[in-house]
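**Student:** turn this into a model:
(one chain, ligands or ions: 1)
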Amino acid sequence: MANVKVAVRVRPLSKRENAEEGRIIVEVDNKVAKVRNIKVDNRLDGPWDSREKIVAFSFDYCYWSIDPEDPKYASQEVVFQDLGTSVLSGAFKGYNICLFAYGQTGSGKTYTMMGTPASVGLTPRICEGLFSRQDDYSEQPASCRVEVSFLEIYNERVRDLLKQSDHKKPYTLRVREHPETGPYVQGLSQHLVTDYKQVVGLLEEGIAKRITAATHIHDASSRSHAIFTIHYTQAILENNLPSEIASKINLVDLAGSERADPSYCKDRITEGANINKSLVTLGIVISTLAQNSQMFSSCQSINSITSEGDSSPVGSHTTGSVSGTRRQAYIPYRDSILTWLLKDSLGGNSKTIMVARISLNQCLFFIYSHLSCQLQLQ
Ligand SMILES: Nc1ncnc2c1ncn2[C@@H]1O[C@H](COP(=O)(O)OP(=O)(O)OP(=O)(O)O)[C@@H](O)[C@H]1O
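**Tutor:** Okay, the predicted model is just below:
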């Protein structure tokens, strides 16, 4: 599944983690992240004992963002130059693109996707790139239209982050599926934007409305999945006739996963269960897409040997016959609102980039178990 790329980023320890003498147990070496098994390490004297287990994973990109003085330090700009420009060039070619940040609570997802005023993240940089396209990407400037929407999924309900109801509570909206254009949120506000400043204004408005709460690790944890969508339409001339290239960019800041804690109140436990369930569904959807894609390529090579032009066409979203004997596995998009809404960005005419965030030891095994399935995708 060459259309999926996976990046990993390691953030510095927070003040709290430093005070608790937390240790970073990940090392980054070019495209490889090495993780030490902390349980083995704890039982032995001294670090890096020969009996300790070091597991290495390779990714499309590994970012070490611990110390700005370090020569291998990956700043927000470095991350943008790899991932953001890849999103932009895909959108210019007419792909649907999905870039999402995944990781435990407090691992740095919002920092990477949105950033801070002093250190702007991927989403505003990508928007800036869309408006400065003529300078960097295009030989022939195309006239384009940019429309954005911003929603959050909280407890499997969708809320518009850019529209308020009369009661000062965000709207709860329904997800529907159009037979041709796919899933959509009924009544979600769309905003036509003509410059970077307008987008940043909308982004700030939406971020301020997101639901946050304190977790054990992060005082201002986002408890919802946020999807910022850019509809980018280019007016072109094809064979001297006016035509359009439309692409959709979904920039997703996922809610942080956290181990269930019985001391939390009922609402927080429900909230955490919904977050974890939708993240598990996301993992299942992506790994099933990867399996189907592997099966499709192996059947294609068999077909090309045994017969010519005999293989059935396969849509990446559907259950169907590949060679007449093997069936594509069912993809449970509708098991969560998150995967249902991202359906046309995860399969088909799409490119997906995943930024997994690693911070310190507690999150490692959680991230592992999900990333190990991502690794098969490369
Ligand atoms: N690369 C980084 N450099 C410096 N500080 C960072 C970096 N990544 C994250 N941080 C800081 O760590 C803290 C937690 O980051 P952030 O809010 O992005 O986490 P999160 O994964 O979105 O958490 P949650 O899922 O709980 O919302 C913030 O104070 C943020 O500024």
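**Student:** got the CA positions of stretch 26-37 in PDB?
**Tutor:** C-alpha atoms of stretch 26-37 as PDB (Å, rounded to 0.1, in the frame of the first residue of the first chain):
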ATOM      1  CA  VAL A  26      13.700   5.800  22.000                       C
ATOM      2  CA  GLU A  27      16.600   6.500  19.800                       C
ATOM      3  CA  VAL A  28      16.300   7.700  16.200                       C
ATOM      4  CA  ASP A  29      18.800   6.800  13.600                       C
ATOM      5  CA  ASN A  30      17.900   8.100  10.100                       C
ATOM      6  CA  LYS A  31      14.700   6.200   9.300                       C
ATOM      7  CA  VAL A  32      14.900   3.800  12.200                       C
ATOM      8  CA  ALA A  33      13.500   4.200  15.700                       C
ATOM      9  CA  LYS A  34      15.100   1.900  18.300                       C
ATOM     10  CA  VAL A  35      13.100   1.300  21.500                       C
ATOM     11  CA  ARG A  36      14.500  -0.200  24.700                       C
ATOM     12  CA  ASN A  37      12.400  -2.600  26.700                       C
END
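**Student:** what's the closest non-adjacent residue to the closest residue to the ligand within the stretch 51-200 of the chain?
**Tutor:** Nearest residue of the stretch 51-200 of the chain to the ligand: Gly108, at 2.9 Å (CB to the nearest ligand atom). Heads up, the C-betas are built off the backbone N, CA and C, glycines and all. Of all residues beyond its chain neighbours, the one nearest Gly108 is Arg11 (4.0 Å), with distances taken as CB to CB, 6 or more residues apart in numbering.
**Student:** repeat that for Pro68.
**Tutor:** Excluding its sequence neighbours, the residue lying closest to Pro68 (CB to CB, 6+ apart) is Ser75, at 7.2 Å.
**Student:** Asp82 versus that neighbour, what's the distance?
**Tutor:** According to CB to CB, to the nearest Å, Ser75 stands 11 Å off from Asp82.
**Student:** the stretch 51-200 of the chain: strands as residue ranges?
**Tutor:** 54-58, 61-64, 96-103, 115-116, 119-120, 143-154, 157-164, 170-173, 175-178, 182-185, 191-193 (DSSP state E, counting those that start in this stretch).
**Student:** the fourth one pairs with which strands?
**Tutor:** What it means is strand 115-116. Each strand that pairs with strand 115-116, with its direction, by DSSP bridges: strand 119-120 (antiparallel).
**Student:** surely Tyr334 forms part of a helix?
**Tutor:** That one is not Tyr; residue 334 is Arg. Yes. Using DSSP: H, G, I helix; E, B strand; the rest coil, the assignment for Arg334 is a helix.
**Student:** show the pLDDT at it.
**Tutor:** Predicted confidence (pLDDT) for Arg334: 92.
**Student:** show the contacting residues for it.
**Tutor:** Contact analysis of Arg334 by CB atoms under 8 Å, 6 or more residues apart in numbering lists Trp340.
**Student:** grab the nearest non-local neighbour of Tyr61.
**Tutor:** Tyr61 sits nearest to Ala7 (CB to CB, 6+ apart), 3.9 Å away.
**Student:** check contacts around Val185.
**Tutor:** For Val185, the contact set (CB under 8 Å, 6+ apart) comprises 149, 151, 158, 160, 173-176, 341.
**Student:** among these, which one has the most neighbours?
**Tutor:** Leu151 (27 neighbours; other CB atoms under 10 Å).
**Student:** can you pull up the bridge partners for it?
**Tutor:** Asp160, Ile227.
**Student:** thought it was touching Lys163?
**Tutor:** No. With the criterion set as CB atoms under 8 Å, Leu151 and Lys163 do not qualify as a contacting pair; they are 9.7 Å apart.
**Student:** what parts of this structure come near the ligand?
**Tutor:** Proximity of the chain to the ligand is confined to 11-12, 14, 65, 103, 105-111, 215, 218, 221-222, 255-256, 357 under the rule CB under 6 Å from any ligand atom.
**Student:** how about the helices in the protein?
**Tutor:** Remark: helices assigned in the chain by DSSP state H are 15-19, 38-43, 76-79, 85-92, 109-113, 122-131, 133-136, 196-209, 266-306, 337-341, 343-346, 364-375.
**Student:** Throw the ones you listed into a markdown table and include distance to Lys248 and mean pLDDT, thanks.
**Tutor:** Rendered in a markdown table, the data for those read as follows (distance: least, CB to CB, whole Å; pLDDT from 0 to 100):
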| stretch | distance to Lys248 | mean pLDDT |
| --- | --- | --- |
| helix 15-19 | 37 | 81 |
| helix 38-43 | 41 | 54 |
| helix 76-79 | 22 | 95 |
| helix 85-92 | 8 | 88 |
| helix 109-113 | 17 | 90 |
| helix 122-131 | 13 | 93 |
| helix 133-136 | 16 | 54 |
| helix 196-209 | 15 | 92 |
| helix 266-306 | 18 | 73 |
| helix 337-341 | 11 | 92 |
| helix 343-346 | 7 | 80 |
| helix 364-375 | 22 | 29 |
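**Student:** for the residue of the stretch 201-350 of the chain found nearest the ligand, phi and psi?
**Tutor:** Per CB to the nearest ligand atom, Gly256 is where the stretch 201-350 of the chain lies closest to the ligand, at 2.2 Å. Backbone torsions of Gly256, given as degrees, to the nearest 10, read phi -80, psi 130.
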